[in-house]
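*Asks:* Fold the following and give me the result.
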Amino acid sequence: MNNRGFVGKYGLFATIVVSVIGVGVFSYPSRMANEVGTDGWFVTILAGIICYFLLALIYRVVTKNNYSTFYVMLEDNLGKFIGKVFAFIISAYLIFSVASGMRVFAEVLKMYLLEQTPTEFILVVMIFTGLYLVRGEVSALVKFNEIAFFAMFIPMIFILIFATRGGTINNVLPLLQSSPKQYIKSLATATYAFGGFEIAYLVLPFMKEREGLKKTFSKSIIFITLFYAVVTILCLMFFGKDHTKELLWPTITLIRAIVIPGAFIERWEGLVMSLWVLFYFTTFVNMYYFSGDIVKEAFHLHDIKLSSLIMSPVIYIIAMYPQNIAEVYDASGKLIPILSIFSFFVLPLVLIFTNRYKGRGRKKNEA
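*Replies:* Numbers count the residues shown, from 1 in each chain. Presented below is the predicted three-dimensional model:
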């Protein structure tokens, strides 16, 4: 396809980062503490290395297909029918991830900020806000990500610096005390937490520059890995392994515990929860746009406004179906790992294999 490039390397970096880091970081330290105790930050680094190679695999898929858009790649390599099947599976994965994340986001918001606001109202507002932004093109989405990156992470980094007060590094010790089975299980959990980097399929076809993109991938994964690892270490330092296990959202509890004598901000969690609206919304709108783009292309709707509108009641129903937050995590724990394996590993490997097979077929025909 012709290069319609309008996305810079910073746009790619920001899009990957804000798509990956979302509401999952609320509970991430607790999950790691339950699975590998004090080794959660170490497992996070290993997961980051794995995700870099998965991003490199996506890059190879896109380059081998001449920077075609995602659905065009599916149809060209797998045919119309199987391409639609794969498109449906990926869309289902994205929609379920968005919906479960939205329910968690709404519950967090109700607990710390909007105690009397119905969950249904929060979900409807979020969906309609997402619909408004999705109406734009990829260029508008990337520009939003570029602005959101600074709005999200500059205040958060500043706040996390103060979170080091009162913690003790001894709570992060000892290291390497878990069994191989625990490490494998926790590594899978940590890798799932990096879900969202598949947004590269959407953005790569629109890059201005196609050289040195692996360096941009490495920067984005390093940033995400360090952010997850630092949050995990700080929670362990402040609460210890055993207490971190018991907390549902230790990251929020950590920030609520920050006390700075004479500070002009009295309640940190209000500021952070306001920022965390962006943390979820960026993940939501990027995945929403990607799934809407797939549905639009697969069913020839010619307008992402229509495809995103069709998906909105589906997202609402999935988000509202669980009775409580425990059911949300239970359903996510059963479905997302399976769908993630398909998205992370099966899809790119199948596309590389079929592309190579087609390439050999063309060479034989030319001969």
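
*Asks:* Is it correct that F238 is in contact with A257?
*Replies:* Yes - using Cβ atoms under 8 Å, F238 makes contact with A257 at a distance of 6.7 Å. Just so you know, the C-beta spots here come from the backbone N, C-alpha and C atoms, and that holds for glycine as well.

*Asks:* the more surrounded of those two?
*Replies:* Using other Cβ atoms under 10 Å as the criterion, F238 and A257 rank with F238 on top: 22 against 15.

*Asks:* Which residue comes closest to that one once chain neighbours are left out?
*Replies:* Of all residues not flanking F238 in the chain, G167 sits nearest, at 4.4 Å (Cβ to Cβ, 6 or more residues apart in numbering).

*Asks:* Spit out the contact partners of the one you found.
*Replies:* L234, M237, F238 (Cβ atoms under 8 Å, 6 or more residues apart in numbering).

*Asks:* Out of these, flag the one nearest to K219.
*Replies:* Nearest to K219 out of the contacts of G167 is L234 (Cβ to Cβ; 22.4 Å).

*Asks:* Report the contact partners of the closest one.
*Replies:* Contacts for L234 (Cβ under 8 Å, 6+ apart) come out as L160, A163, T164, G167, L254.

*Asks:* Of those residues - the most surrounded one?
*Replies:* With neighbours taken as other Cβ under 10 Å, the top of the contacts of L234 is L254, carrying 25 neighbours.

*Asks:* Do I have it right that that residue meets F238?
*Replies:* Yes - L254 lies in contact with F238 (Cβ under 8 Å); the separation is 5.5 Å.

*Asks:* what is in contact with the two at once?
*Replies:* Residues touching both L254 and F238 (Cβ under 8 Å, 6+ apart) are A163.

*Asks:* looking at this, K181 is in a helix?
*Replies:* Yes - if the criterion is DSSP: H, G, I helix; E, B strand; the rest coil, then K181 is within a helix.

*Asks:* and it, how many neighbours?
*Replies:* Applying other Cβ under 10 Å, we find 8 residues neighbouring K181.

*Asks:* From A188, how far off is it?
*Replies:* Counting by Cβ to Cβ, to the nearest Å, the separation of K181 from A188 is 11 Å.

*Asks:* phi, psi of P174?
*Replies:* Per-residue torsions, P174: phi -80, psi 170 (degrees, to the nearest 10).

*Asks:* Would you confirm that it contacts V36?
*Replies:* No - P174 is beyond contact range of V36, at 11.9 Å (criterion: Cβ under 8 Å).

*Asks:* Looking at those two, which is more packed in?
*Replies:* Neighbours were counted for P174 and for V36 using other Cβ under 10 Å; V36 has more, 24 against 9.

*Asks:* what's that one in contact with, if anything?
*Replies:* F42, V43, S178, Q182, Y183, S186.

*Asks:* Need the pLDDT of L347.
*Replies:* Here, the pLDDT recorded for L347 equals 90.

*Asks:* and if you look at the one 4 residues further on?
*Replies:* Per-residue confidence at L351 stands at 89 (pLDDT).

*Asks:* low pLDDT regions in this protein?
*Replies:* When residues are selected by pLDDT under 70, those of the chain lie in 1-4, 166, 258-273, 276, 358-367.

*Asks:* ok, which stretches of the stretch 101-250 of the chain are helices?
*Replies:* In the stretch 101-250 of the chain, the segments counted as helices under DSSP state H, counting those that start in this stretch are 119-134, 138-162, 180-193, 200-203, 213-246, 250-256.

*Asks:* V285 is nearest to which of those helices?
*Replies:* Closest to V285 of the helices of the stretch 101-250 of the chain, according to Cβ to Cβ: helix 119-134, at 5.0 Å.

*Asks:* could you give the angle of that closest one to helix 138-162?
*Replies:* 130 degrees (axes from the mean of the first three to the mean of the last three Cα atoms, to 10 degrees).

*Asks:* can you list contacts of helix 119-134?
*Replies:* With Cβ under 8 Å, 6+ apart, helix 119-134 has contacts from 102-103, 105-107, 109-110, 114, 140-141, 144, 280-281, 284-285, 288-289, 292, 304-305, 308-309, 312, 315-316, 319-320.

*Asks:* now swap in stretch 215-223 and tell me
*Replies:* Here stretch 215-223 makes contact (Cβ under 8 Å, 6+ apart) with 9, 12-13, 16-17, 48, 51-52, 55-56, 59, 194, 197, 200.

*Asks:* and I255, how many neighbours does it have?
*Replies:* 21.

*Asks:* ah, wrong one, I meant L236
*Replies:* When neighbours are defined as other Cβ under 10 Å, L236 has 28 of them.

*Asks:* Could you do the one 4 residues further on as well?
*Replies:* One way to gauge burial is a neighbour count; for G240, by other Cβ under 10 Å, it gives 17.

*Asks:* List the contacts of it.
*Replies:* G240 sits in contact with N171, where contact means Cβ under 8 Å, 6+ apart.

*Asks:* likewise Y71?
*Replies:* Shown in contact with Y71 (Cβ under 8 Å, 6+ apart): G83, A87, D293, I294, E297, A298.

*Asks:* Is the second one in a helix, a strand, or coil?
*Replies:* At A87, secondary structure determined by three-state DSSP is helix.
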